[in-house]
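>>> Okay, here's the prediction I keep looking at, along with the sequence it came from:
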Amino acid sequence: MESEKRKLARFRALMGAFVRKWTVEIMYCLYESKTMRFTGLRKMLSGISSRTLSDRLRELEEMGLVRRTVYAEKPVRVEYELTPAGRKIGELAYASFEELVDAWDQVAGRKGGRP
């Protein structure tokens, strides 16, 4: 029973990290594009503020899911990419995305329709 409680706590922590606004979208952009600069991410994520994007990238970096690389050029170039752990989570999450959406549609009674 104790191991089940630990598993549930770990699952709750994982889900808690991903329910933050914009986290899933940022991870998806980096998963699909491999490496992106801040302005590229901001353009892809219409509606996100620079502050929010910066905060989420910092959080993902602290969690070990995103790597920030600064190139000593003029002007300075900064690129973001998923770490191996972030890439693995992306593979698991996005590989089953269509199945997840289809299952949700059935539960929600949408019969294959997308919101």
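That came in fine, so what should we check first? If you're wondering where the values come from, they're calculated on a predicted model, not measured in any experiment. Numbering: from 1, shown residues only.

>>> Can you name the next helix or strand after the longest helix along the chain?
The helix that spans the most residues within the chain, counting by DSSP state H, is helix 2-18. Using DSSP states H and E, the helix or strand that follows helix 2-18 in sequence is helix 23-33.

>>> okay, the angle between that next one and helix 2-18?
Using axes from the mean of the first three to the mean of the last three CA atoms, to 10 degrees, one finds that helix 23-33 and helix 2-18 are set 80 degrees apart in direction.

>>> outside of the helix or strand following helix 23-33, which residues touch it?
Proceeding N to C from helix 23-33, the next assigned helix or strand is strand 35-37, under DSSP H and E. Outside of strand 35-37, the residues within contact range by CB atoms under 8 Å, 6 or more residues apart in numbering are 29-30, 44, 77-81. Just so you know, the C-beta spots here come from the backbone N, C-alpha and C atoms, and that holds for glycine as well.

>>> Let me have these in JSON lines, adding neighbour count as columns.
Converted to JSON lines, the contacts of strand 35-37 look like this (neighbours: other CB atoms under 10 Å):
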{"residue": "29", "neighbour count": "18"}
{"residue": "30", "neighbour count": "24"}
{"residue": "44", "neighbour count": "15"}
{"residue": "77", "neighbour count": "11"}
{"residue": "78", "neighbour count": "13"}
{"residue": "79", "neighbour count": "15"}
{"residue": "80", "neighbour count": "22"}
{"residue": "81", "neighbour count": "16"}
